[in-house]
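> Have a look; sequence and predicted model below, questions after that.
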Amino acid sequence: MVNDLPAGADTQARVFSDKRLSIGLALPMLSRDRTVADFGEQLHLAKLADVLGFRALWVRDVPLNSADYPDPVGHLDPWVFLGALASQTERIALVSGAIVLTLRHPLHIAKGAVSTNLLSRGRFILGLGSGDRPPEYAAFGQDSDMRRELFRAHWEKLAAAVHQPSRVIPDQAGPESPDFMLLPQSPNAIPLLAVGSGGQSVDWIARNAIGWITYHREPEDQYHRHRLWRTAVERAAPGQFRAFGVSMKLDLSADRHEKATPIPLGYRMGSQALTDLLRALRDNGTHHVALNLAASDRTADDILHELAADVLPDFHGAG
């Protein structure tokens, strides 16, 4: 049992540090031809990832499913799942990747974030996105053309509520309205992370978020994306550290020496090629990679143990 758990800034630094790269995992992790997750199994894998030394578990917010969507997986409500993960893990950071800020009220998000942070003893990082499916906006009575404005307005209210001191900004307040507060209080300010752009400029993200997580791109495109980010940080937040991370799909071959072959949003490769790729990403300024394990004939347990033995020591240190 780990008693001296990192909280707040310590957790943030374990995931995002200058000139270092950490490795996390996206949930759920499914075997080939599985579109229905066994969430008891997912909790087992989360505990295993924690013990093996992965730095973060990423949980998606998918409010609705449709036969027209490319991802058929049914995801639990993120706050329910994060609460379960908080109770089943000890040290690994929990990251939302990402809460759809435009389709949820910011005060409801704040309450969920504070609750998750308390249950996890300060291990929560709040990743936020805007969503990009107009029919889903319509289902929630929102206009997708307004997503940029909604994202900024909701971010402002949310940031005020989860920072310290916390401040609740009501949508409406009359002369008789009381001052509201969020209780119980969070042990630390909750870091806000931009996942995707949310329709905002990179300068806006650099001013308002602890970092920017973007999707996998081929190395040359990702290099230019990173340069764009570094320039924005130097312009909008000079002298301050702002993280850069990527989400990458991985089909890990049982052959440790298999070279990288592109697949949608990532690669199939062996552990040696993965280590080489991650070193290159680190050297080019990437601070975190969230691995989304592709459906495979190999078990997730086997893959996690191999990654922990062959890859993690290069980036997280031995043990």
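Alright, I've got the coordinates.
> and after the one helix or strand residue 40 maps to, which helix or strand comes next?
Following DSSP states H and E, one finds residue 40 within helix 39-52. Counting by DSSP H and E, the next helix or strand C-terminal to helix 39-52 is strand 56-59.
> Alpha carbons only: can I get that following strand in PDB?
Provided in PDB are the C-alpha atoms of strand 56-59 (Å, rounded to 0.1, in the frame of the first residue of the first chain):
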ATOM      1  CA  ALA A  56      -1.500   7.900 -16.700                       C
ATOM      2  CA  LEU A  57      -4.800   6.400 -17.500                       C
ATOM      3  CA  TRP A  58      -6.900   8.200 -20.100                       C
ATOM      4  CA  VAL A  59     -10.700   8.000 -20.100                       C
END
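> Let me see the ranges of the helices in this structure.
When assigned using DSSP state H, the helices of the chain occupy the ranges 9-15, 39-52, 78-88, 106-119, 134-139, 147-162, 202-208, 219-236, 271-283, 300-310, 313-316.
> what would those helices look like in JSON lines with mean pLDDT?
What follows is those, written out as JSON lines (pLDDT from 0 to 100):
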{"stretch": "helix 9-15", "mean pLDDT": "89"}
{"stretch": "helix 39-52", "mean pLDDT": "97"}
{"stretch": "helix 78-88", "mean pLDDT": "97"}
{"stretch": "helix 106-119", "mean pLDDT": "98"}
{"stretch": "helix 134-139", "mean pLDDT": "90"}
{"stretch": "helix 147-162", "mean pLDDT": "97"}
{"stretch": "helix 202-208", "mean pLDDT": "98"}
{"stretch": "helix 219-236", "mean pLDDT": "91"}
{"stretch": "helix 271-283", "mean pLDDT": "96"}
{"stretch": "helix 300-310", "mean pLDDT": "97"}
{"stretch": "helix 313-316", "mean pLDDT": "97"}
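> Which of those helices sits closest to residue 290?
Each of the helices of the chain was scored for nearness to residue 290 using Cβ to Cβ, and the closest is helix 9-15 (9.8 Å). Bear in mind the C-beta positions are built from the backbone N, C-alpha and C, glycine included.
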